[in-house]
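[1] pasting a predicted model and its sequence here:
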Amino acid sequence: MAKFGELISTEKPVLIDFYTDWNDTDNTIHTLRDVASVLGAKAKVIKIDIKKNETLADALQVKGSPTFMIYKNGQMKWRQTGLQDANTLIGLVKEYL
């Protein structure tokens, strides 16, 4: 979890998608690619596999997939479980630029 702390302790907003392989659709992958391409270097976009990171998912009380979170300066700014479209995610991340 030390790596996670380093990951979120940045001035750039960090959008994280907690997912599971059995519930990860192509739409989610394309959505995150769209978000990353629009935001470029202004933000980080990261996918975290819940099954491979169970301790972290438990610590953050991730119960559903996908669960999206936005962090900035080590603080969680937004969280939502369920599919989100690229424009919604881009708008949310831009609020924290």
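    Yes, it's here. Numbers count the residues shown, from 1 in each chain.
[2] helix or strand with the lowest mean pLDDT in this protein?
    Least confident helix or strand, the chain: helix 26-39 with a mean of 86, by mean pLDDT, DSSP states H and E.
[3] the following helix or strand past it pairs with which strands?
    Per DSSP states H and E, the first helix or strand lying C-terminal to helix 26-39 is strand 44-49. Sheet pairing here is set by DSSP bridges, and for strand 44-49 it gives strand 14-19 (parallel).
[4] low-confidence regions, the chain specifically.
    Counting by pLDDT under 70, the chain has low-confidence residues at 1-2, 22-27.
[5] tell me which residue is most central in it.
    In the chain, the C-alpha nearest the mean C-alpha coordinate belongs to residue 16, at 1.2 Å (C-alpha atoms, centre = their mean).
[6] which residues sit in contact with that one?
    8, 46, 47, 48, 68, 69, 70, 71 (C-beta atoms under 8 Å, 6 or more residues apart in numbering). Where C-beta positions appear, they are placed from N, C-alpha and C, glycine not excepted.
[7] and for residue 71?
    By C-beta under 8 Å, 6+ apart, the contact set of residue 71 is 8, 13, 14, 16, 77.
[8] then residue 90?
    Going by C-beta under 8 Å, 6+ apart, residue 90 touches 34, 35, 38, 39.
[9] if I look at the residue nearest to the third one when sequence neighbours are not counted, how far off is residue 17?
    What sits nearest to residue 38 in space, not counting adjacent residues and going by C-beta to C-beta, 6 or more residues apart in numbering, is residue 90, at 5.3 Å. The span separating residue 90 from residue 17 equals 14 Å under the rule C-beta to C-beta, to the nearest Å.
[10] same deal with residue 38?
    15 Å.
[11] pop out the phi and psi values for the residue nearest to residue 28 when sequence neighbours are not counted.
    In space, and not counting its chain neighbours, residue 28 is closest to residue 66: 5.8 Å by C-beta to C-beta, 6+ apart. With angles defined as degrees, to the nearest 10, residue 66 shows backbone torsions of phi -80, psi 150.
[12] any idea how far residue 80 is from residue 66?
    Look at residue 66 and residue 80: by C-beta to C-beta, they are 9 Å apart.
[13] more neighbours: which of these two?
    A direct count of neighbours by other C-beta atoms under 10 Å for residue 66 and residue 80 places residue 66 higher, at 23 against 15.
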